[in-house]
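[1] Requesting a structural model of the entry that follows:
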Amino acid sequence: MQVWNEYLAANKQRFLDELLDLLRIPSVSADSKYKADVARCADAVKASLLAAGCDNAEICPTAGHPIVYGEKMIDPKLPTVLVYGHYDVQPPDPLELWHSGPFEPVIKDEKIYARGACDDKGQMFMHVKALEVMVKTNTLPCNVKFMIEGEEEVGSSNLGKFLEGNKEKLKADIVLVSDTSMISMEHPSLETGLRGLAYMEVEVTGPNRDLHSGVYGGAVANPINTLAKMIASLHDENNHITIPGFYDKVQDLTDAERAALNSAPFDLKEYQEELGIKEVQGEKGYTTLERTGTRPTLDVNGIWGGYIGEGAKTVLPSKANAKISMRLVPNQSSDEISALFQKHFESIAPAGVKVKVTPHHGGEPVVTPTDSIAYKAAAKAIQTAFGKDPIPTRGGGSIPIIALFERVLGLKTVLLGFGLDNDNIHSPNEKYDVFNYFKGIETIPYFHKYLAEMS
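    The predicted structure is shown next:
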């Protein structure tokens with residue numbers, strides 16, 4: 001609508017400046033030293049909701065970091081959209097790989113560089129500004145509620161209790177989330193599913209103390225060597241995961257579904273060049289798009305042990321550790337896969353070491369319906385804003401809360417993301433295109449408009 005575009009154009013610099021202010025707050029949920037900053041960011045989100053036009057907004061304490069809730073209710077007879085996002089961010093490490101400070105946002109080549117720029121402050125804030133656009137132009141067509149949490153990056157462990165205790169407050173018709181990506185701005189897409197997650201930490205212990213590698217090497221099991229062999233055995237020569245029962249509930253895509261998925265624009269050479277690799281690798285018999293969106297995986301996210309300081313120390317370490325994540329697909333359960341992993345990993349440990357497996361957070365895979373009014377409203381919104389119909393895709397990442405919304409609140413979710421796969425989320429030099437930020441603000445009001453018209 002013209003009035004939306006005019007308001008956005010008149011306030012464009014302010015919208016950008018306010019996002020940069022939010023990005024300056026180091027709201028790292030995983031590190032306790034940032035606790036005060038996380039709370040400060042929650043306050044900033046609350047203030048932004050009120051300024052955008054929410055009738056009320058509040059900080060909701062949890063056993064961990066707080067949840068920010070806000071609402072703009074215009075008529076209970078109209079549809080209600082529950083917007084979910086998160087204001088917490090990943091740790092910025094390793095700092096030396098950033099070309100600018102992770103919490104000192106800079107705009108370079110029309111891209112915003114900062115931790116949280118895309119995941120998820122930039123995308124979450126689009127909804128706040130979209131609400132402002134609609135409220136200030138007196139065109140809000142439905143009710144809007146916001147639930148912005150501060151623990152998504154650490155597994156949303158307190159969100160389930162919040163949902164259970166606030167079902168009436170959170171009552172809505174659909175959940176709208178922008179924490180995902182598009183193929184590109186030239187090829188807009190809508191994600192129709194996300195993989196789940198099972199995250200584990202393993203510890204392998206050998207001798208009761210670090211030993212001199214010359215005196216004891218060759219006679220005592222080295223926990224690092226042992227851990228490396230155990231991890232290597234978790235995949236076979238075809239990169240198939242070897243944990244017994246791991247694939248029992250995996251349902252393969254039909255030939256038609258595989259053909260539709262692989263019809264999305266994808267340049268393998270460009271993909272490899274962008275990542276600086278000579279070839280891709282993955283489960284044999286599947287394409288890159290299938291591997292990253294529809295197949296389960298197992299990856300080591302961190303590994304450590306022994307001496308890693310400057311120079312040399314000839315030590316045979318007492319312990320070795322690793323963090324391992326498994327991405328899951330529909331019908332797989334994070335609890336079941338965690339139990340299978342633990343049983344198998346303990347079973348392959350040689351007698352010379354002890355193994356401890358500690359499950360961390362998990363989340364369930366989800367598939368969103370493409371025949372719902374809400375999905376059709378999102379598709380029409382993209383078509384209006386971009387001039388093209390969106391391509392349905394599957395997301396490789398995980399948002400544990402999505403399955404929880406359906407189980408606790410009985411609500412389906414629309415994944416209306418505007419990020420790009422190369423936005424370096426969870427990595428140094430995270431970015432978010434200025435164009436994408438404003439395109440999201442332009443598109444979101446159309447979703448509300450079409451949802452109200454179709455309902």
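[2] which SS class is the residue with the largest distance to the centre of the chain?
    The outermost residue of the chain relative to its centre, with distances by CA atoms, centre = their mean, is Val215 at 47.2 Å. Look at Val215: counting by DSSP: H, G, I helix; E, B strand; the rest coil, its state is helix.
[3] quick one: low-confidence parts of the stretch 301-450 of the chain?
    With pLDDT under 70 as the threshold, the stretch 301-450 of the chain has no low-confidence stretch at all.
[4] Surely Gly155 touches His360?
    Yes - assessed by CB atoms under 8 Å, Gly155 is found in contact with His360 at 6.9 Å. Where C-beta positions appear, they are placed from N, C-alpha and C, glycine not excepted.
[5] contacting residues around the closest residue to Pro76 other than its chain neighbours?
    Once flanking residues are discounted, Pro76 sits nearest to Asn143: 7.4 Å by CB to CB, 6 or more residues apart in numbering. The contact partners of Asn143, taken as CB atoms under 8 Å, 6 or more residues apart in numbering, are 71-76, 78-81, 172.
[6] Quick check on these: which are buried?
    71-72, 78-81, 172 (16 or more other CB atoms under 10 Å).
[7] Mind checking which of the residues you listed are in helices?
    Among the buried ones among the contacts of Asn143, DSSP state H puts none in helices.
[8] Surely Leu16 forms part of a helix?
    Yes - with three-state DSSP as the criterion, Leu16 is part of a helix.
[9] Now for it: which residues touch it?
    Counted by CB under 8 Å, 6+ apart, Leu16 has contacts 434, 437.
[10] do you know how far it is from Gly206?
    Distance, Leu16 to Gly206, by CB to CB, to the nearest Å: 54 Å.
[11] swap in Glu104?
    Taking CB to CB, one finds Glu104 at 44 Å from Gly206.
[12] So the two - more neighbours on which side?
    Gly206 (25 against 13; other CB atoms under 10 Å).
[13] Contact partners for the closest residue to that one other than its chain neighbours?
    In this structure, Gly206 finds its nearest non-sequential neighbour in Pro223, 4.3 Å apart by CB to CB, 6+ apart. By CB under 8 Å, 6+ apart, the residues touching Pro223 are 204-206, 305, 317-320, 353.
[14] Gly352 contacts Thr226, correct?
    Yes - with contact defined as CB under 8 Å, Gly352 counts as touching Thr226 (7.4 Å).
[15] which residues do these two both contact?
    Gly206.
[16] So those two - more neighbours on which side?
    Neighbour totals were compared for Gly352 and Thr226, and Thr226 leads with 20 against 13 (other CB under 10 Å).
[17] all helices in the stretch 101-250 of the chain, in order from the N-terminus.
    121-136, 159-165, 213-216, 223-232 (DSSP state H, counting those that start in this stretch).
[18] would JSON lines of these with distance to Ala377 and mean pLDDT be doable?
    Output for the helices of the stretch 101-250 of the chain, formatted as JSON lines (distance: least, CB to CB, whole Å; pLDDT from 0 to 100):
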{"stretch": "helix 121-136", "distance to Ala377": "14", "mean pLDDT": "98"}
{"stretch": "helix 159-165", "distance to Ala377": "24", "mean pLDDT": "97"}
{"stretch": "helix 213-216", "distance to Ala377": "64", "mean pLDDT": "94"}
{"stretch": "helix 223-232", "distance to Ala377": "45", "mean pLDDT": "98"}
